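Enquirer: Below is the sequence, then the predicted model.
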Amino acid sequence: MIKRAQTFGQKLAAGYAVMVVLTIIISVTAIYSLHSIVASKDHVIATNIQLSSLAQQLQIASWQRAAWIRGYLLEDDKRYLGQLKDAKRVFDEAVSDMRKLAISSEEQRLIDMVEQSSNQYESAVDFVIDEAHKQSKSDAILAEFNDKVQPPRKQLESQLDMLIKLESQLLAQSKQQANDTVSNIVSIVTTLAISTTVLALVIATILARTLGRQIGAAVGHVQSASAELQAAASQQAVGAKEQAGAMTEISTTISELVATSRQIADSAQRVAQIAEQTAQSARTGDETVEKGQESIIAIRRQMDLVVNHMLDLGRKSQEVGAVLDIVSELAEQTNILAINATIEATGAGEAGRRFAVVADEIRKLADRVASATKTIRTQIDEVRGAVNTTVMATESGAKAVDVGARQFTDVANAFKQIANMVTTTTDAAREIELSTKQQASGAEQVRVAVTDVAQATRESEASSSQTLQTASQLAGLSLELHQLIQPQAA
């Protein structure tokens, strides 16, 4: 079985494949190294630096707690107690955050010790504050403070110093590990780059020696193909010239069709706009008629209210007439009683003279009441007549309002029909406009496509001529190349 030789393209592909594989190896190594560096730096920033900052925050909070308790004991100001609670809260939050971030057992142990010392310190502070509430001797309180509070505070400060030193050491170790990782990665990438360069030189030398023989064989094929290319280029140039003329005529016809479609679309758009304006006017008229109809309904309601009030006024005037009858009857009886009293007073002689004067005044008052009652009755009769006339006029107006409301309803229905018909016309005009625009767009696309084809045809014609010339040059160059590769062929 004959083993098939590798082609020129296969050898180039093999060489490029080896280079690509080496490039991928270097890229993967560099990416992995970068990820390692980034992860290490992130760990240093996110964990160690944060832990060191939290440890310093614990120390600051401890100093603040000591300052606030001392200020309270010296000045007896309760504001220091609030600040003391805030400092204790900050201290506890920092301890909780460090416990979440700490990784090593030594860190956890120191955090537990700090928390335990803080609790002891807090208990001592509470004891001293209670004693300060019970007694007011500052010397005794300061003595209690020095005995009870200072020892756990010094222990807490010592443990905080140990924790800060530990975090500083861990931070320095993390930085050193990151630097070591960077140095190792630089060494690996440098070694791979040198190896890739040497291998590329070897592959280039082998390809240069082996590809020369294949190029010589390919040149012979190029010579035969160039002759065929000359004949084909001549035929292609003739066909391209004829096709260019036909495409030019088609492009001119389609341009005229596009212009006509655009005119139709513009006319349909103007029709749609006019129909839209007409529909808007019809809707406005419909709204105006509806508002007028609502106003007539409101007038009808007001007239009904006026009629009801007039009827109510008539009933009340009748009630007032009945009351006036009673008042008139009382006035007549009072007048009779006054006359009788006058007669009795006259019969009584000198003793009844004063009573006769009073009886005469009562009779005069009864006469005035009777006269006023007649006047009021006359006015009530006039009011009744006016009420009846107003009721009749209001009923006539209500009938007229009903007729007007029915006419407004007919007008509103007519406006609605006009609006519906105009809406239908608008929709039809918009559909015509849309269809025409789509037709114009399609014609424009066809025109552009035909123009592109015509341009391509002209370019093909020029390219065919250039190809014919290039084929002739290629035949001469292939012969020269063949002589350069195989000088004995000369």
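Expert: Arrived safely, thanks for sending. Every value quoted in this text rests on a predicted model; they were computed, and no experiment measured them.
Enquirer: Can you give the distance of stretch 315-334 from its chain's centre?
Expert: Between the mean C-alpha point of stretch 315-334 and the mean C-alpha point of its chain there is a distance of 79 Å (CA atoms, centre = their mean, to the nearest Å).
Enquirer: in it, what's buried?
Expert: Within stretch 315-334, the residues that qualify as buried are 317, 324, 328, 331, 334, counting by 16 or more other CB atoms under 10 Å. The way it works is simple: take the backbone N, C-alpha and C, and place the C-beta from them, glycine included.
Enquirer: From the residues you listed, pick the one nearest I25.
Expert: Distance ranking of the buried residues of stretch 315-334 against I25, using CB to CB, places S317 first at 116.6 Å.
Enquirer: So for stretch 118-134, mean pLDDT?
Expert: In this model, stretch 118-134 has a mean pLDDT of 77.
Enquirer: cool, and stretch 287-300?
Expert: Averaged over stretch 287-300, pLDDT sits at 77.
Enquirer: May I see the buried residues of it?
Expert: Taking 16+ other CB under 10 Å as the neighbour-count basis, stretch 287-300 is seen to contain the buried residues 289-290, 293, 296, 299-300.
Enquirer: now do stretch 62-77
Expert: With burial defined by 16+ other CB under 10 Å, the residues of stretch 62-77 counted as buried are 62, 64-66, 68-69, 71-73.
Enquirer: phi, psi of the residue of the chain most remote from its centre?
Expert: For the chain, the residue at maximal distance from the C-alpha centroid (CA atoms, centre = their mean) is G349, at 109.4 Å. Main-chain dihedrals, G349, degrees, to the nearest 10: phi 80, psi -140.
Enquirer: how close does it sit to V358?
Expert: Distance of G349 to V358, given as CB to CB, to the nearest Å: 16 Å.
Enquirer: Equivalent analysis for D180, please.
Expert: With CB to CB as the criterion, D180 and V358 are 135 Å apart.
Enquirer: What of Q120?
Expert: In this structure, Q120 and V358 are 110 Å apart, going by CB to CB.
Enquirer: same thing with A338?
Expert: The separation that A338 has from V358, given CB to CB, amounts to 9 Å.
Enquirer: the more surrounded of those two?
Expert: Here A338 and V358 are compared on neighbour count by other CB atoms under 10 Å; more neighbours surround A338, at 21 against 13.
Enquirer: who touches stretch 325-336?
Expert: Taking CB atoms under 8 Å, 6 or more residues apart in numbering as the criterion, the residues outside stretch 325-336 that touch it are 362-363, 365-367, 369-370, 373-374.
Enquirer: List buried residues within the residues you listed.
Expert: Applying 16+ other CB under 10 Å to the contacts of stretch 325-336, the neighbour count classes 362-363, 366, 369-370, 373 as buried.
Enquirer: Tabulate those (TSV), appending secondary structure and distance to E167.
Expert: Rendered in TSV, the data for the buried ones among the contacts of stretch 325-336 read as follows (DSSP: H, G, I helix; E, B strand; the rest coil; distance: CB to CB, whole Å):
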residue	secondary structure	distance to E167
I362	helix	117
R363	helix	121
A366	helix	117
V369	helix	113
A370	helix	117
T373	helix	112
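Enquirer: nearest to E459, of these?
Expert: For the buried ones among the contacts of stretch 325-336, with E459 as the reference and CB to CB as the criterion, the closest is T373, at 121.2 Å.
Enquirer: Just give the closest residue to the closest one, not the sequence neighbours.
Expert: If the residues on either side of it in the chain are set aside, T373 comes closest to S328, at 4.6 Å by CB to CB, 6 or more residues apart in numbering.
Enquirer: swap in T426?
Expert: Counting by CB to CB, 6+ apart, the nearest residue to T426 once its immediate chain neighbours are dropped is A275, at 4.0 Å.
Enquirer: gap between the one you found and A265?
Expert: 16 Å.
Enquirer: Output the below-cut-off pLDDT ranges for the stretch 151-300 of the chain.
Expert: Counting by pLDDT under 70, the low-confidence segments of the stretch 151-300 of the chain come to 178, 207-223, 225-227, 229-234, 236-238, 240-241, 243-244, 261.
Enquirer: give me every residue that touches Q273.
Expert: Applying CB under 8 Å, 6+ apart to Q273 gives no contacts.
Enquirer: Could you check which helix or strand contains it?
Expert: helix 150-348 (DSSP states H and E).
Enquirer: ok now that helix, how far from the chain's centre?
Expert: Between the centre of helix 150-348 and the centre of its host chain there is 9 Å, according to CA atoms, centre = their mean.
Enquirer: Contact partners for R384?
Expert: Residues touching R384, when contacts are defined by CB under 8 Å, 6+ apart, comprise 314, 317-318.
Enquirer: what would those residues look like in CSV with pLDDT and distance to T423?
Expert: Rendered in CSV, the data for the contacts of R384 read as follows (pLDDT from 0 to 100; distance: CB to CB, whole Å):
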residue, pLDDT, distance to T423
G314, 75, 53
S317, 73, 58
Q318, 76, 59
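Enquirer: With respect to E431, which of those residues is nearest?
Expert: When those are compared for distance to E431 (CB to CB), G314 wins out at 66.0 Å.
Enquirer: My guess is the closest one contacts T389. True?
Expert: No - using CB atoms under 8 Å, G314 is not in contact with T389; the gap is 11.4 Å.
Enquirer: tell me the contacts of the spatially closest residue to Y80 that is not a sequence neighbour?
Expert: Leaving out its chain neighbours, the residue that sits closest to Y80 by CB to CB, 6+ apart is Y72, at 3.8 Å. Contacts of Y72 were listed using CB under 8 Å, 6+ apart, and they are 78, 80-81, 84, 129, 132.
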